[in-house]
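>>> Here's a sequence, model it:
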Amino acid sequence: MDLYFTVIWGGKTLLLINIIYLLLIVKHLTRPMIVLLVLLIGIFCLEITIAYFAHHNQANVHLTHFYTSGQFLLISVVYYKQLKKFKKIIPFGVILYSSILLYQIIDSKIVYDEFNTSGFLVSACLMMGYAFFYYIEHIREKRYWDTFNVGLFLYLGGSSIIFLTINSWKNLEGWNMFIWTINGGLIILYQGFITATIYRFHRVQKNRNGISSI
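Numbering: from 1, shown residues only. Next comes the predicted model:
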């Protein structure tokens with residue numbers, strides 16, 4: 001139990017550190033980094049709201065719908081700026097995700113107070129696709145965004161495995177805390193990669209196109 005809360009608060013602390021770091025260099029941020037800042041602030045606000053509802057014994061699962069869709073759309077904007085050769089996959093991904101979400105709404109597949117597992121998995125697969133095509137396009141270059149790209153892929157890959165197997169372990173109460181601790185660890189890993197991305201950006205912000213040897 002103590003380990004779980006330590007991991008959760010570790011992730012929140014890193015999230016806050018990343019927001020503060022970006023705000024300190026906000027005058028020098030590129031458009032992708034501004035979008036990243038908006039994403040982190042949005043996640044932070046949602047986590048505060050979720051914690052507030054939980055503290056007052058109010059339902060808060062519906063807020064995860066905003067998290068899933070908001071994160072997907074903002075990450076799509078970022079990769080639209082980062083990709084050139086594979087730029088067209090971004091509009092395709094947004095249309096596909098929007099179509100699936102619309103189908104779920106029309107067919108009543110989305111339950112307001114339940115986590116939309118299939119929606120999360122679709123968005124995760126699409127974002128991992130963005131990360132994969134980014135890697136292919138920039139395999140011969142070293143860019144500050146490479147670090148975020150790896151972190152996003154690892155986080156979404158690990159979380160997807162957890163949610164794909166959720167039906168296998170949800171009835172094993174003894175394992176629930178362990179699984180969510182692992183998920184919390186993935187969040188720390190993700191935020192750690194974001195910290196490294198911000199640091200690298202800070203180092204190369206004066207270099208043309210954000211290309212550097214570090």
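>>> least trustworthy helix or strand in the protein by mean pLDDT?
Here the helix or strand of the chain ranked lowest by mean pLDDT, DSSP states H and E is helix 166-169, holding a mean of 63.
>>> Show me what secondary structure element comes after that one.
Beyond helix 166-169 on the C-terminal side, the first helix or strand identified by DSSP states H and E is helix 173-204.
>>> give me the low-pLDDT residue ranges for the chain?
The chain contains residues with pLDDT under 70 at 1, 167-176, 206-214.
>>> Would you map the helices across it?
Assigned by DSSP state H, the chain shows helices spanning 2-24, 31-55, 63-82, 89-106, 117-137, 145-164, 166-169, 173-204.
>>> Give me the angle between the first one and helix 173-204.
For helix 2-24 and helix 173-204, the angle between their directions (axes from the mean of the first three to the mean of the last three Cα atoms, to 10 degrees) works out to 20 degrees.
>>> same question, the second one
Counting by the same axes, to 10 degrees, helix 31-55 lies at 150 degrees to helix 173-204.
>>> ditto for the fifth one
Between the axes of helix 117-137 and helix 173-204, defined by the same axes, to 10 degrees, the angle is 30 degrees.
>>> now for helix 117-137, which elements pack on it?
Counting contacts by 3 or more Cβ pairs under 8 Å, 6 or more residues apart in numbering; DSSP states H and E, helix 117-137 packs against helix 63-82, helix 89-106, helix 145-164. Where C-beta positions appear, they are placed from N, C-alpha and C, glycine not excepted.
>>> Distance to residue 139 added to these, as a markdown table?
Formatted as a markdown table, the helices and strands packed on helix 117-137 follow (distance: least, Cβ to Cβ, whole Å):
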| stretch | distance to residue 139 |
| --- | --- |
| helix 63-82 | 14 |
| helix 89-106 | 16 |
| helix 145-164 | 10 |
